[in-house]
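Enquirer: dropping the sequence and predicted coords here.
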Amino acid sequence: MIIDFFTYLLKFILVVLLQVLVINSIELNAYINPYIYISFILLLPVTTKPWISLVIAFLCGVVIDTFSSTPGLHIAATVLLAFVRVHYLRLSTTKEDVEGRISPSMSKKGVVWFVFYCFAMTFVHHTFLFFLEIYGFSEFFSTLLRITLSALVTSMLIIIGQLLFYNIKTVNE
Amino acid sequence: MRNLIFFLYKYHAFFLFFVLEVIAFIIIYRFNTYQKASFLNYTHGVANTFYTGISNTKDYFYLRNVNDSLQMENARLRNQLLTSYYQNNVSLTNINDTVYKQQYTYLAARVVNNSVTKRNNYITLNRGSLHGIEPEMGVISENGVVGIVMTVSPHYCTVLSVLNSNCKLSAKIQKNGAFGSLVWDGADPTQAKLLDVNKHVPVAVNDLVITSNFSPIFPEGLPIGKIKTHALDAGDNFHNMKVELFTNFSTVSTVYIIKNLLKAEQQTLEETLQTNQLK
């Protein structure tokens, strides 16, 4: 239990550093702003109690907001993500997943399931975040383009991360 | 009562979600406005010590560019030196100058943190209230206008970059003095829009856009950019213009903060006017 806590703390620090130091500095285009720190929320175990994942999402948002000088934006978007994720997982996980206390990763749930899960969650998060950022619908289509491109890049980066760090073969066993 | 507790327990995730979202929105409302940016003040204390270390490392990679731009600036300043002019005046008398009084002073600063691809971009500089920086001072680079100081902590200040939806600069076209306001549309960090220039004003590509004399923040005539494209939509009273910004926001690393020594005087004068009107 305590080891789990420290592994997740370490993962959290790594993912925040990666977001703040690397991803935020790669300024590709005004339309591509990937936020890969949400992968931390996405990969919490399926058995995590809803209130714990909400609190974690809140803290995660506070940290990211601190480093990107956007008070509240990331908190709101990440808490929404955690809430939607709880319901998404309730619908799409099996009893074995819950009993095995797995993390919903690519190696455990398969490529197709994970790609869909990742893109859907990223899209929810980015939609809320970017519309909140411009605060209104005045630039609707350019914001929509920004959301779509950023969500594609974010989910691509998260999937690449999965391919790098997880062993795909376990799916076939 | 038991039912109520049971109800709360059953939907505790939703209630917690709701409470956390409300907190987030309170933070957004409370701190996102231009004036109440004290959140930034607080968080920048934490984040800045961190970013300073990163920036110190990164600066090494830009030394060549910085040297080049400094050299060019030195050359330009050298051109303005009195010694580079031929003295035609034979009589040498010192005149105590009361006609010219210094209005603007410039303070060099270094960019500690910066972004160009967000919709609302901010820049952090390594100068703060200890160096006499106050909110609403102008910031320029050696090429052109950069932004306006927004919040100040003892050692740092945050700058509302021109690349921000809250930033609206008062600008004019140098050729004919027609004024408008410069805003960024969020797409390209090298371009901004010049709005509110009346359609009867003749404009041409490559016309110079400079700061106007309406704001106490920037001295008149600082370069902002040049007109890249201009069009006149049917039925529109104003030109639709794109301005190519002189400042390269993605590489800007050394800037100057402008202090207007007469700003307090101007503002008190204007405030008395307003209070008189209210009475």
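Expert: Received it, and whenever you're ready, just let me know what you need.
Enquirer: use CA for all of it now, contacts and neighbours both
Expert: Fine.
Enquirer: how about whichever strand or helix holds B:N65: buried residues?
Expert: Assigned by DSSP states H and E, B:N65 belongs to helix B:63-80. Of all the residues in helix B:63-80, those buried under the rule 16 or more other Cα atoms under 10 Å in any protein chain shown are B:V66.
Enquirer: helix or strand next in line after that helix, which one?
Expert: strand B:104-114.
Enquirer: who's in contact with that next one?
Expert: B:48, B:51-52, B:55, B:121-127, B:219, B:250, B:252-261 (Cα atoms under 8 Å, 6 or more residues apart in numbering or on different chains).
Enquirer: can you flag which of those belong to strands?
Expert: B:122-125, B:254-260 (DSSP state E).
Enquirer: where do the helices of chain A begin and end?
Expert: A:2-17, A:38-42, A:50-68, A:73-92, A:95-99, A:106-109, A:111-134, A:140-165 (DSSP state H).
Enquirer: looking at those helices, which one has the lowest mean pLDDT?
Expert: Note on the helices of chain A: helix A:95-99 shows the lowest mean pLDDT, a mean of 78.
Enquirer: for B:A231, which of the helices of chain A is the nearest?
Expert: B:A231 sits nearest to helix A:140-165 of all the helices of chain A, at 20.9 Å, using Cα to Cα.
Enquirer: tell me what that closest one is packed against?
Expert: Applying 3 or more Cα pairs under 8 Å, 6 or more residues apart in numbering or on different chains; DSSP states H and E, one finds that helix A:140-165 makes contact with helix A:106-109, helix A:111-134.
Enquirer: about what we covered before: among the contacts of strand B:104-114, which ones lie close to chain A?
Expert: B:Y122 (Cα under 8 Å from any Cα of the partner chain).
Enquirer: could you tell me how many residues sit around the closest residue to chain A within the stretch 51-200 of chain B?
Expert: In the stretch 51-200 of chain B, no residue comes nearer to chain A than B:T117, which is 4.2 Å away by Cα to the nearest Cα. Using other Cα atoms under 10 Å in any protein chain shown, B:T117 has 23 neighbouring residues.
Enquirer: make TSV out of the helices of chain A and add mean neighbour count and distance to B:F61.
Expert: Putting these into TSV (neighbours: other Cα atoms under 10 Å in any protein chain shown; distance: least, Cα to Cα, whole Å) gives the following:
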stretch	mean neighbour count	distance to B:F61
helix A:2-17	13	21
helix A:38-42	22	31
helix A:50-68	21	23
helix A:73-92	21	31
helix A:95-99	12	49
helix A:106-109	19	38
helix A:111-134	19	32
helix A:140-165	18	26
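Enquirer: export the ones you listed to CSV and tack on distance to B:V146?
Expert: Output for those, formatted as CSV (distance: least, Cα to Cα, whole Å):
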stretch, distance to B:V146
helix A:2-17, 28
helix A:38-42, 32
helix A:50-68, 19
helix A:73-92, 25
helix A:95-99, 54
helix A:106-109, 45
helix A:111-134, 21
helix A:140-165, 25
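Enquirer: nearest to B:K10, out of the helices and strands packed on helix A:140-165?
Expert: It is, among those and with distance given as Cα to Cα, helix A:111-134, at 24.4 Å.
Enquirer: and the angle for the closest one with helix A:140-165?
Expert: Helix A:111-134 and helix A:140-165 are oriented at 140 degrees to each other (axes from the mean of the first three to the mean of the last three Cα atoms, to 10 degrees).
Enquirer: tell me which other helices or strands helix A:111-134 touches.
Expert: For helix A:111-134, the packing partners by 3+ Cα pairs under 8 Å, 6+ apart are helix A:38-42, helix A:73-92, helix A:106-109, helix A:140-165.
Enquirer: who in chain A is up against chain B?
Expert: Within chain A, the positions lying close to chain B (Cα under 8 Å from any Cα) are A:25, A:27-33, A:50-51, A:54, A:58, A:66-67, A:69-73, A:75-76, A:79-80, A:83, A:133-134.
Enquirer: do that again at 6 Å, thanks
Expert: A:27, A:29-30, A:50-51, A:66-67, A:71-72, A:75-76 (Cα under 6 Å from any Cα of the partner chain).
Enquirer: residues touching the spatially most central residue of chain B, list them.
Expert: Closest to where the C-alpha atoms of chain B average out (Cα atoms, centre = their mean) is B:G147, at 0.9 Å. Residues in contact with B:G147, defined by Cα atoms under 6 Å, 6 or more residues apart in numbering or on different chains, are B:139, B:160-162.
Enquirer: in strands, which of these fall?
Expert: B:139, B:160-161.
Enquirer: distance to B:V183 added to these, as CSV?
Expert: Converted to CSV, the ones in strands among the contacts of B:G147 look like this (distance: Cα to Cα, whole Å):
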residue, distance to B:V183
B:V139, 16
B:L160, 12
B:S161, 11
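Enquirer: can you give me how far the helix holding B:N65 is from the chain middle?
Expert: 22 Å (Cα atoms, centre = their mean, to the nearest Å).
Enquirer: same question, stretch A:145-161
Expert: 10 Å.
Enquirer: was I right to think A:G61 contacts A:H74?
Expert: Yes: look at A:G61 against A:H74 with Cα atoms under 6 Å: they come within range, at 4.8 Å.
Enquirer: excluding residues flanking it in the chain, which one is nearest the most centrally placed residue in chain A?
Expert: For chain A, A:I38 is the residue whose C-alpha lies nearest the centre (Cα atoms, centre = their mean; 2.4 Å). Nearest residue to A:I38, sequence neighbours excluded (Cα to Cα, 6 or more residues apart in numbering or on different chains): A:T78, at 7.3 Å.
Enquirer: B:S153 now?
Expert: Nearest non-adjacent residue to B:S153 (Cα to Cα, 6+ apart): B:G128, at 5.5 Å.
Enquirer: residues touching that neighbour, list them.
Expert: B:152-157 are the contacts of B:G128 under Cα under 6 Å, 6+ apart.
Enquirer: now B:E220
Expert: Here B:E220 is in contact with B:211-213 (Cα under 6 Å, 6+ apart).
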